[in-house]
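Got a predicted structure here, sequence first:
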Amino acid sequence: MARAAVPGRLTWQAATVAATRAETATARTLVLDVDGWTGHVPGQHVDVRLTAPDGYTAYRSYSISSAPGPDWLEVTVQAVTDGEVSPYLVDVAEPGDQLEIRGPLGGWFVRRPADPRPALLIGGGSGVAPLMSMVRAAMNPTRLLYSTRSPSDALFTSDLATARAAGDGLVAVTHVYTRVAPPGWPAPPRRLDADALSRVAWPRDADAVAFVCGPTGFVETVADLLVDIGHDPANIRTERFGPTGG
Ligand SMILES: Cc1cc2nc3c(=O)[nH]c(=O)nc-3n(C[C@H](O)[C@H](O)[C@H](O)COP(=O)(O)OP(=O)(O)OC[C@H]3O[C@@H](n4cnc5c(N)ncnc54)[C@H](O)[C@@H]3O)c2cc1C
């Protein structure tokens, strides 16, 4: 008996740019309307495909930065100088434009909101994008350590302040600046080190899960440091924002 094709996570679907929001001078959030979108688990990503008028296509992976929900999602893109896809998404795409997406993708770097274990989220640069989805959906204690070069490079500044001030104490946010710190900041700019991690890490007996996301070097360094300070390696999940697609 012939079976009808069932659209799945690997099927390209039309997505309409519903709105855009500048996050920094070089990064932007795109709100995408997708018919039939049923939601995602925080941490998952989509592939975004662009098609030029001559039919040439290119796709790249982008983490979903919004909380789970039907019909729409958000991705937050940092422009990579001379990149093929990211400068288009940051500087050119506008409301009404059509893209294609497939997903949600990824089953390991995910935090189910009802998971009772405390979480330590550590993001470098645009690696905070999937962690922002986890923060937005958090139902259990969550600490975010966010490393950027300077305050003006930080994404989601006001959303993170709102999450921190939500009043229930569920979400704690700590910023680390590697090159330029704000005036009066208590610590000089520096790379994330064991000392900074120890200050935000959960106690060893807390059964915490760590999620580390960012450029490959950042992720590898932080994962090693977590093990050095006593975090169970089995409870460290990583995502590297390396080049993707074609
Ligand atoms: C699972 C996953 C999730 C991702 N989520 C996000 C996200 O939420 N937000 C986001 O901004 N990016 C994310 N990325 C990175 C994204 O997929 C692209 O790699 C990035 O946007 C660059 O694409 P491009 O076409 O502009 O550059 P390309 O044309 O592919 O590359 C141009 C040049 O930049 C270098 N390059 C490529 N990617 C990067 C990078 N990430 N950092 C530094 N240099 C790079 C290439 O080696 C090349 O030299 C994610 C990647 C993965 C694998």
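It's in. Numbering: from 1, shown residues only.

Give me the local confidence score for the residue in the chain that the ligand sits nearest to.
The chain approaches the ligand most closely through residue 83 (2.0 Å), counting by C-beta to the nearest ligand atom. C-beta coordinates here come from the backbone N, C-alpha and C atoms, glycine included. With respect to pLDDT, residue 83 has a value of 96.

what helix or strand is it on?
Remark: residue 83 resides in no helix or strand, with elements defined by DSSP states H and E.

and it, how many neighbours does it have?
Counted by other C-beta atoms under 10 Å, the residues lying close to residue 83 total 16.

dump the residue contacts of it.
Not one residue lies near residue 83 by C-beta atoms under 8 Å, 6 or more residues apart in numbering.

Show me what stretch 159-170 is in contact with.
With contact meaning C-beta under 8 Å, 6+ apart, stretch 159-170 is reached by 132, 135-136, 138-142, 144, 146, 171-173.

Redo those as JSON lines? Include neighbour count.
Compiled in JSON lines, the contacts of stretch 159-170 are given as follows (neighbours: other C-beta atoms under 10 Å):
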{"residue": "132", "neighbour count": "27"}
{"residue": "135", "neighbour count": "29"}
{"residue": "136", "neighbour count": "20"}
{"residue": "138", "neighbour count": "21"}
{"residue": "139", "neighbour count": "12"}
{"residue": "140", "neighbour count": "14"}
{"residue": "141", "neighbour count": "18"}
{"residue": "142", "neighbour count": "23"}
{"residue": "144", "neighbour count": "26"}
{"residue": "146", "neighbour count": "26"}
{"residue": "171", "neighbour count": "21"}
{"residue": "172", "neighbour count": "14"}
{"residue": "173", "neighbour count": "18"}
